[in-house]
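Trainee: Sequence and predicted model, in that order:
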Amino acid sequence: MGETPPASQATASQRVALGELAPEDTVLRELDDDGVLLLTLNRPGRRNTWAYDMELRYVALLDEAMADPGVRVIVLTGAGEAFCAGMDMEVLRRATTDPSFVRPVRPSATIPRTVPKPIIAAVDGACAGVGFVQALMADLRFTTARSKWTTSFTRRGLIAEDTVTWLLPRLVGAGHAADLLFSGRVVRGDEAVRMGLANRLVEPDELLPAALDWARDVARNCSPWAVAQVKQQLARDDAADIEQSRLAANTVLDVARGKPDYREGVASFRERRPPRFEGLPADHPRIVLAAEPDAPPSH
């Protein structure tokens, strides 16, 4: 049996085996009848390592999800035995050895945080480097005991990237953040949950079903408008004091009381039936990450 040829010399079928897919296949999209959008990082032959075409595809799908009223909750996972094992080694090799390599202009890593719909990451296997970043950019994280979380930056001679030094202490506290960022050590899923890095620990075969169940519960029973406002509140209030948070919430609450979703939420509760909330309109604004504490609500 001959050696596997380099990707540049491989046939189409061999390129697929190597994990070299068409851009539209690097992240798979599946929308169910409840409005739950499943996005799957799909380079299992390379443990879903991050590449620029995958990144652009992921961002494009998030933009599509924002503009689609039928999408209510987003679940992000990885195909095969890894979530995302970091940046593709071929990209890293070229970046460190090829003088002609030009790093492309990349979209902001915080884009998932600006999507006014919940994003939940279902993490199994390796979750490293830029994969770690993508998991942190989600609003919730479910994981397994066998998963391996690592920042890995310092072990590659790099600093913490993409706002990780802002997000991580807010999730796990300053001490745990320093531990993970200084050492780059591997944290298994059970420890990730104990320190607050992940929300829930489940068995591997229950990971995606658990994430989808959570997503479907929110999609079926929660007002998309109200969920978007809460996501905006969480982003805004991180920089606010308690009184600013109270006053801003009162402003949004006045708007909420005039919305059809409020009437429907009360009516469905009184009538003991599932609520019938409308999806977010296609032009609903993004979450503002640097909002002033007294910024108006996003209608």
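Mentor: Okay, I see it. Numbering: from 1, shown residues only.
Trainee: So Gly70 sits against Gly35, correct?
Mentor: Yes - taking Cβ atoms under 8 Å as the contact criterion, Gly70 and Gly35 are neighbours in contact, 5.6 Å apart. Yep, even glycine has a C-beta here, placed from its N, CA and C like the rest.
Trainee: Can you tell me the closest non-neighbouring residue to the residue nearest the centre of the chain?
Mentor: The chain has Ala138 as the residue nearest its centroid, 3.0 Å off, counting by Cα atoms, centre = their mean. Setting aside the residues directly before and after it, Ala138 is nearest to Ala121 in space (Cβ to Cβ, 6 or more residues apart in numbering), at 3.8 Å.
Trainee: just to revisit the earlier point, ok, the residue nearest to the centre of the chain to Ala109 distance?
Mentor: According to Cβ to Cβ, to the nearest Å, Ala138 stands 12 Å off from Ala109.
Trainee: likewise Trp149?
Mentor: Counting by Cβ to Cβ, the separation of Trp149 from Ala109 is 17 Å.
Trainee: The stretch 151-299 of the chain: strands as residue ranges?
Mentor: For the stretch 151-299 of the chain, the strands defined by DSSP state E, counting those that start in this stretch cover 187-188, 200-201.
Trainee: Format these as a markdown table; extra columns: mean pLDDT, mean neighbour count and distance to Val91.
Mentor: Listed next are the strands of the stretch 151-299 of the chain as a markdown table, based on pLDDT from 0 to 100; neighbours: other Cβ atoms under 10 Å; distance: least, Cβ to Cβ, whole Å:
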| stretch | mean pLDDT | mean neighbour count | distance to Val91 |
| --- | --- | --- | --- |
| strand 187-188 | 98 | 20 | 24 |
| strand 200-201 | 98 | 18 | 32 |
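Trainee: if you count what's nearby, which of Gly70 and Gly35 comes out ahead?
Mentor: Per other Cβ atoms under 10 Å, whichever of Gly70 and Gly35 has more neighbours is Gly35, with 22 against 13.
Trainee: Return the residues in contact with the residue nearest to the more buried one when sequence neighbours are not counted.
Mentor: Among residues not flanking Gly35 along the chain, Arg72 sits closest, at 3.5 Å (Cβ to Cβ, 6+ apart). Residues counted as contacts of Arg72 (Cβ atoms under 8 Å, 6 or more residues apart in numbering) are 34-36, 117, 218-219, 224, 227, 279-280.
Trainee: and with 7 Å instead?
Mentor: Each residue near Arg72 by Cβ atoms under 7 Å, 6 or more residues apart in numbering is listed here: 35-36, 117, 219, 224, 279.
Trainee: In helices only, show me the residues you listed.
Mentor: Counting by DSSP state H, the contacts of Arg72 place 219, 224 in helices.
Trainee: Pick the one among the contacts of Arg72 closest to Ala256.
Mentor: Pro224 (12.7 Å; Cβ to Cβ).
Trainee: Surely that closest one and Leu280 touch.
Mentor: Yes - counting by Cβ atoms under 7 Å, Pro224 touches Leu280, with 4.7 Å between them.
Trainee: Quick one: neighbours of the closest residue to Leu140 other than its chain neighbours, just the number.
Mentor: Spatially, and ignoring its direct neighbours in sequence, Leu140 is nearest to Ile120 (4.4 Å; Cβ to Cβ, 6+ apart). A total of 24 residues lie near Ile120 under the criterion other Cβ under 10 Å.
Trainee: residue contacts, Ile120?
Mentor: Taking Cβ under 7 Å, 6+ apart as the criterion, Ile120 is in contact with 75, 138-140, 142, 211, 214-215.
Trainee: before we move on, the earlier item: select from the contacts of Arg72 the one having the most neighbours.
Mentor: When neighbours are taken as other Cβ under 10 Å, the top entry among these is Lys117 (26 neighbours).
Trainee: what sits against that residue?
Mentor: By Cβ under 7 Å, 6+ apart, Lys117 lies in contact with 65, 71-74, 228, 280.
Trainee: Could you rerun that using 10 Å?
Mentor: Residues near Lys117 by Cβ atoms under 10 Å, 6 or more residues apart in numbering: 35, 37, 62, 65-66, 68, 71-74, 139, 218-219, 224, 227-228, 231, 279-280, 284, 287.
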